[in-house]
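Novice: Next comes the sequence, and after it the predicted model I'd like to discuss.
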Amino acid sequence: MAVKVEKLDKVKVELTVEVAKEVFEDALQQAYKSMAPRLKADGFRNGKVPRSVAEKLYGPEIFYEEAANRLVMTEYIKAVKELKEQDETFQPIAQPDFDLVQIEKGKEFIFKAIVDTKQEIALGDYKGLDIEEIMGEVSDKEVEQYLDQMRGRQAEVKTITDRRSTLKVGDTANIDFVGKKDGVAFPGGAGEGFDLVIGSGQFIPGFEDQMVGMKTGDEKALDITFPENYPAADLAGQPVVFEVKLNAIKRKVLPELNDEFAKDVSNFETLAEYKEDIRVMLAEEKGKEIQTRYKAAVSAKVVEGSDVVAPESMVKDEAENYMNDIRYQLAQQGFSLEQYVQLTGATMEKLEEDCRLQAEAFVKQRLVLEAIAEKEGIDVTDEEMEKEFGVLAEMYQQPVDQVKQMFTARGQLGLIKRNILLEKVTDFLLENAKIG
């Protein structure tokens, strides 16, 4: 076997692997044996057709695909091992893309493998980074906003029975709707018994605004124009009509903000005491948020100071993870990704691009932090892994051993260890930063 290496960029390399014709011939013979039970020819029993006869009938190409499948990954692994022996820094980090160059009986078998490899990252200064201080004082307005949220949680949601009451911003409208273009309903534009918070901006612009003022039982035709960048070409920029029926109006009735309210929602006797407790709690939360922002700041600076590039394969995998997260979150709300795109006027291309950019930033950050960990000798201990499993067990409300088995079965132990490592490195950077 002969291997030629060509560096395509900082991380991507192209391997040209030439396999001896004797090895290829053996693969062809193995392919024949595997396929023999399915071969047919006049004068021979099924499964007893000689290879020479099969090649005359169907051409030698009949065994090429099977032989290639047997050889490519095996010979690629051998090639990588050989290259590692020559250069211990050579390390593929993704599955390769293969391309056949030469496959012909009696000749060498040649293929190319393009793969992302571990890069040598030139790190800039990562100790003593200057980070702008973030003030953490809790304002009276923030305390009041928290109280408003608590009132909202304690609010009694009532279905308005007075037929004279009209739909207002902030109300939840239970509706049936169907969208029509030129009098014909279009796919994905209908729903029944759907709860829509008026003013939330959940639906296409103009939909919720035109519903304000409707009464329970009212039916109304809403004139809507889809955005110009709407993904469905037949609807983009087009006027449509949504026929809407308001089944019910649901409205929150907020409790009085007084000592009685404080007693109901806390362990305090007075509203003043409750407010002070809220201030302390918000200060703790803000402190954690500030730490998170500091960590984001030092991470961004070390990435900016390096020459890291984001391997395409890693970005692709991470972006798909982000898209899957979006799908899951929408499913929890009863939406598919396609419905979300159609009803909000977003585009699949924009969502995918946003996920790709987010993934690229994360991959760069991860690689730089891992390089710093390697340079500083930062690692994850067994005790830290056990502690994290304890946290996960509490979160999932399952025994620690069962949680371990679950993440082991999913192949996610490495992910857990990686997350702990990245957190330790950002802690290290922050400890060595200058804030102010």
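Specialist: Alright, I've got the coordinates.

Novice: Residues in contact with stretch 419-434: which ones?
Specialist: 126-131, 291, 294-295, 298-299, 302, 365-366, 369-370, 372-373, 376, 378-380, 384-385, 388 (CB atoms under 8 Å, 6 or more residues apart in numbering). C-beta coordinates here come from the backbone N, C-alpha and C atoms, glycine included.

Novice: are any of these buried, and which?
Specialist: For the contacts of stretch 419-434, a burial check counting by 16 or more other CB atoms under 10 Å picks out 126, 129, 131, 294-295, 298-299, 302, 365-366, 369-370, 372-373, 378, 380, 384, 388.

Novice: In strands, which of those fall?
Specialist: Applying DSSP state E to these, the entries found in strands are residue 131.

Novice: And the helix or strand of the chain with the lowest mean pLDDT, what does it pack against?
Specialist: Lowest mean confidence among the helices and strands of the chain (mean pLDDT, DSSP states H and E): helix 337-344, at a mean of 78. Judged by 3 or more CB pairs under 8 Å, 6 or more residues apart in numbering; DSSP states H and E, the packing partners of helix 337-344 are strand 184-197, helix 312-332, helix 348-376.

Novice: Could you pull out the buried residues of that helix?
Specialist: Using 16+ other CB under 10 Å as the burial criterion, the residues of helix 337-344 that qualify are 337, 340, 341, 342, 343, 344.

Novice: Look up how far residue 368 lies from the closest residue to the fifth one other than its chain neighbours.
Specialist: In other words, residue 343. In this structure, residue 343 finds its nearest non-sequential neighbour in residue 203, 5.6 Å apart by CB to CB, 6 or more residues apart in numbering. Plainly put, residue 203 is 42 Å away from residue 368 if you go by CB to CB, to the nearest Å.

Novice: cool, and residue 93?
Specialist: Distance from residue 93 to residue 368, by CB to CB: 15 Å.

Novice: What of residue 183?
Specialist: Counting by CB to CB, the gap from residue 183 to residue 368 is 58 Å.

Novice: again with residue 176
Specialist: 53 Å.

Novice: Return the backbone torsion pair for residue 95.
Specialist: When read as degrees, to the nearest 10, the backbone of residue 95 gives phi -70, psi 140.

Novice: ugh, typo on my part, it should be residue 132
Specialist: Here is the backbone geometry of residue 132 (degrees, to the nearest 10): phi -70, psi 130.

Novice: what's the longest helix in this protein?
Specialist: When the chain is scanned for its longest helix (criterion: DSSP state H), the result is helix 271-304.

Novice: residue ranges for the strands of the stretch 1-150 of the chain, please.
Specialist: Here the stretch 1-150 of the chain has its strands, by DSSP state E, counting those that start in this stretch, at 2-7, 12-19, 97-102, 109-116, 130-131.

Novice: Return the most buried member of the ones you listed.
Specialist: Mean neighbour count (mean count of other CB atoms under 10 Å) peaks for strand 109-116 among the strands of the stretch 1-150 of the chain, with a mean of 21.

Novice: chain center to that strand, what's the gap?
Specialist: How far strand 109-116 lies from its chain's middle: 29 Å, per CA atoms, centre = their mean, to the nearest Å.

Novice: and the angle from that strand to helix 312-332?
Specialist: Strand 109-116 runs at 60 degrees relative to helix 312-332, counting by axes from the mean of the first three to the mean of the last three CA atoms, to 10 degrees.

Novice: Return the list of strands paired to strand 109-116, each annotated with direction.
Specialist: Next to strand 109-116 in the sheet, as set by DSSP bridges, lie strand 12-19 (antiparallel), strand 97-102 (antiparallel).

Novice: the domain parsing of this protein - what is it?
Specialist: As given by automatic domain parsing, the domain ranges for the chain are 2-116, 156-253, 280-435.

Novice: neighbouring contacts of stretch 265-274?
Specialist: Residues contacting stretch 265-274 (CB under 8 Å, 6+ apart): 150, 154, 257, 258, 259, 261, 262, 263, 277.

Novice: Point me to the residue sitting closest to the centre of this structure.
Specialist: The centroid of the chain falls nearest to residue 322 when counting by CA atoms, centre = their mean (1.2 Å).

Novice: show me the contacts for it.
Specialist: Listed by CB under 8 Å, 6+ apart, the contact set of residue 322 reads 355, 358, 359.

Novice: right, and the last one touches residue 318 too?
Specialist: Going back to what we said before, that points to residue 359. Yes - if you go by CB atoms under 8 Å, residue 359 and residue 318 touch, sitting 3.7 Å apart.

Novice: Test my guess that residue 146 contacts residue 280.
Specialist: No - look at residue 146 against residue 280 with CB under 8 Å: they stay out of range, at 11.7 Å.

Novice: From the rest of the structure, what touches stretch 167-186?
Specialist: Stretch 167-186 has contacts (CB under 8 Å, 6+ apart) with 157, 189-199, 211-215, 224, 232, 234-235, 238-252.

Novice: Can you turn the buried subset of the residues you listed into a selection I can paste into ChimeraX?
Specialist: Filtering the contacts of stretch 167-186 down to the buried ones (16+ other CB under 10 Å) takes a single ChimeraX command:
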select :189,191,194,196,198,211,214,224,232,235,238,240,242,244,245,246,247,248,249,251
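
Novice: Which members of the contacts of stretch 167-186 are positioned in helices?
Specialist: Counting by DSSP H, the contacts of stretch 167-186 place residue 211 in helices.

Novice: returning to that earlier point: which one of residue 146 and residue 280 is surrounded by more residues?
Specialist: Higher neighbour count among residue 146 and residue 280: residue 146, with 17 against 10, using other CB atoms under 10 Å.

Novice: Spatially nearest residue to the more buried one (excluding sequence neighbours)?
Specialist: Leaving out its chain neighbours, the residue that sits closest to residue 146 by CB to CB, 6+ apart is residue 278, at 5.3 Å.

Novice: End to end on stretch 113-124, go ahead and measure it.
Specialist: Terminal residues of stretch 113-124 lie 33 Å apart, using CA to CA, to the nearest Å.

Novice: that older thread, deepest in the core, which of the helices and strands packed on helix 337-344 is it.
Specialist: It is helix 348-376: most buried of the helices and strands packed on helix 337-344 by mean count of other CB under 10 Å, with a mean of 17.

Novice: Give the residue spans of this structure that score low on pLDDT.
Specialist: Of all residues in the chain, none has pLDDT under 70.
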